[in-house]
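# turn this into a model:
(one chain, ligands or ions: 2)
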Amino acid sequence: MLDHNGRVPTTDQTGREVGIRINPSILAADFVNMQAELARIATADFVHVDVMDNHFVPNLTFGPQMVERIQATSPVPLDVHLMISDPDRWAPGYAELGAASVTFHLEAATEPVALARRLRSIGARAGVAVKPATPVDGLFDLLDDFDQILVMTVEPGFGGQSFMPETMPKLRRLADEARRRGSSVWLQVDGGIGESTIAQAAEAGADTFVAGSAVFGAADPANAIAGLRAAARRHQA
Ligand code: DX5
Ligand code: ZN
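Residues are numbered from 1 along each chain as shown. Ligands and ions are numbered 1, 2, ... in the order given. Below is the predicted model of the structure:
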């Protein structure tokens, strides 16, 4: 839609960039001060909520009860990233408690397309995530079944790891394929994203950026979010 000057707007009414999303990961937040931590990222697009089960990944965070409280408290919608086994069974519950998007791992799901349909029918955006070594070619014919695809740029399980540039060719191919098919799927990256790495991901075609330590580790998270947004915009394909 054109703005009142007849131009394609680059920001919405709240000043957020159209076509770029910055989703801070609360894995890097202080868990016992969650309400205050959430208030620090009110200028973000979504809050990224990492659910880990100590089975799919060797780390444990929290489950639906905590996510429900985050949902009730957060100033921005929830982007839930499930690093859990058997998402076919557990993912719908996160959509039911009101998460805006629910992303499960392709490696863990038994029936990914059926699960995505279920998530959408509950009202959530359906997301699928792939670990660094998982190919994405099998997703090309499924782009319409998902609202977002998460290309992990570290091995899932822990915050604060280094960005893996070797995942970029895969992201680029997904972006090319999405463009070729006229798909509006969001392409998300997660892991090691900061002001020095976001450029590569944006150039390769990502539009949705998860950042944990780069946001919560900053003295001023709002400033960090603005910096990431500006860097992504400069380098977006
Ligand atoms: C890792 C998680 C990420 C993590 C990112 O398994 O999925 O969301 O919080 O943290 P940083 O940005 O510190 O790499
Ligand atoms: Zn994550």
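
# partners of the host helix or strand of Leu82, with directions?
Element membership of Leu82 [criterion: DSSP states H and E] is strand 78-83. Sheet pairing of strand 78-83 (DSSP bridges) gives strand 47-52 (parallel), strand 101-105 (parallel).

# quick one: closest of the ones you listed to Val215.
strand 47-52 (9.6 Å; C-beta to C-beta). Yep, even glycine has a C-beta here, placed from its N, CA and C like the rest.

# so after the closest one, what's the next helix or strand?
helix 64-73.

# circling back: and the strand holding Leu82, which residues are buried?
Leu78, Asp79, Val80, His81, Leu82, Met83 (16 or more other C-beta atoms under 10 Å).

# hey, which of the strands paired with strand 78-83 is tucked in deepest?
Of those, the one with the most neighbours on average (mean count of other C-beta atoms under 10 Å) is strand 101-105, at a mean of 29.

# now check that strand, is it near ligand 1?
No - counting by C-beta under 6 Å from any ligand atom, ligand 1 is not contacted by strand 101-105; separation bottoms out at 9.6 Å.

# mind listing what's buried in the helix or strand just after that strand?
Next in sequence after strand 101-105, counting helices and strands by DSSP H and E, comes helix 112-122. Within helix 112-122, the residues scored as buried using 16+ other C-beta under 10 Å are Pro112, Leu115, Ala116, Arg118, Leu119, Arg120, Ile122.

# out of the buried residues of strand 78-83, which touch ligand 1?
Near ligand 1, by the rule C-beta under 6 Å from any ligand atom, you find His81 out of the buried residues of strand 78-83.

# and of the buried residues of strand 78-83, the nearest to ligand 2?
Closest approach to ligand 2 among the buried residues of strand 78-83 (C-beta to the ion): His81, at 3.7 Å.

# I'd assumed Thr208 was in contact with the closest one.
No - if you go by C-beta atoms under 8 Å, His81 and Thr208 don't touch, sitting 11.5 Å apart.

# the residue nearest to Ala39 when sequence neighbours are not counted is in what secondary structure piece?
Sequence neighbours aside, Pro75 is the residue nearest to Ala39 in space, at 6.6 Å (criterion: C-beta to C-beta, 6 or more residues apart in numbering). According to DSSP H and E, Pro75 maps onto no helix or strand at all.
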